[in-house]
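**Student:** Return atomic coordinates for the entry below.
(one chain, ligands or ions: 1)
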Amino acid sequence: MFNLILFGPPGSGKGTQSEKLIEKYGLIHLSTGNLLREEIANQTDLGTAAKNYMDKGQLVPDEVVLGMIACALDNNVHANGFLFDGFPRTVAQARGLDEMLQQRGSGIDLVLALEVTEDELVQRLVNRGKTSGRSDDNEEVIRARIVEYENKTAPVAGHYAEAGKVVYIKGEGGVDDIFHELCGQINARTRMA
Ligand code: B4P
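**Tutor:** Numbers count the residues shown, from 1 in each chain. Below is the predicted model of the structure:
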């Protein structure tokens with residue numbers, strides 16, 4: 001069992017790198033952003049409530065996100081490990097996750113934190129907005145998402161740093177070069193490669 005958190009601000013490449021990492025290491029990909037967008041697409045009550053927050057660049061309430069993750073863990077009891085992408089986004093979510101994993105006899109092994117400058121983040125997400133159809137990929141909402149990240153999400157790195165689990169990786173440059181750096185850190189801690 002190997003549980004990895006891919007951490008970083010909006011637009012830092014979490015979704016992009018997650019796709020490559022799950023393929024290489026056979027981890028189950030849990031992206032709360034994707035799970036929430038599925039709920040919106042399916043027009044569920046949860047999705048309708050979440051959309052109100054997401055369209056303003058705000059975080060969805062912790063209990064909603066923790067409930068989705070609990071379900072996903074229960075649906076994948078035989079997994080090799082999980083890649084958490086865009087989760088946890090608050091210290092309360094991190095504590096909730098730690099508790100859920102502990103109850104299942106495991107825990108977080110590594111947090112890989114992607115570092116990207118704010119100008120580059122905005123540029124990437126504005127570009128993605130031209131084709132993504134995502135209502136939160138416009139400059140005003142992107143700026144709000146970055147403020148939300150600084151206030152509520154950045155402290156999550158501190159939570160895991162206390163246990164020596166965080167490694168910072170430069171998230172600017174070629175996608176394959178960044179992937180290589182991430183794999184190096186995972187390989188140093190596992191025999192999964
Ligand atoms: P997410 O779906 O997690 O979206 P994100 O932060 O924008 O990151 P994403 O993974 O999509 O982008 P990536 O960096 O890969 O969250 C959306 C919203 O959902 C949140 O604002 C919040 O409201 C809600 N939410 C989700 N999880 C939550 C939680 N746990 N608690 C509360 N609320 C939650 O890529 C961005 C762009 O950069 C792409 O176009 C990509 O092609 C490009 N890119 C990637 N790597 C690059 C590189 N090396 N060089 C150049 N471009 C690159």
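**Student:** Quick check: residues of the chain near the ligand?
**Tutor:** 10-16, 32-33, 36, 53-54, 57-60, 65, 86-87, 89, 93, 124-125, 128, 136, 145, 175, 178 (C-beta under 6 Å from any ligand atom). In this view, the C-beta of every residue, glycine as well, is placed from N, C-alpha and C.
**Student:** Restricted to helices, list the residues you listed.
**Tutor:** 14-16, 32-33, 36, 53-54, 65, 93, 124-125, 128, 145, 175, 178 (DSSP state H).
**Student:** Of those residues, which count as buried by neighbour count?
**Tutor:** When these are checked for burial by 16 or more other C-beta atoms under 10 Å, the buried set is 14-16, 32-33, 36, 53-54, 65, 93, 124-125, 145, 178.
**Student:** if we look at stretch 27-41, which residues are touching it?
**Tutor:** 2, 4, 14-15, 18-19, 21-22, 46-48, 50-51, 54, 60, 65, 68-69, 72, 76, 79-87, 89 (C-beta atoms under 8 Å, 6 or more residues apart in numbering).
**Student:** what about whatever residue of the chain ends up closest to the ligand, distance to Asp119?
**Tutor:** For the chain, the residue closest to the ligand is Gly33, as judged by C-beta to the nearest ligand atom, at 1.8 Å. Distance from Gly33 to Asp119, counting by C-beta to C-beta, to the nearest Å: 22 Å.
**Student:** ok, now Ala92?
**Tutor:** Taking C-beta to C-beta as the measure, Ala92 falls 30 Å from Asp119.
**Student:** Between these two, point out the one with more neighbours.
**Tutor:** Ala92 (16 against 8; other C-beta atoms under 10 Å).
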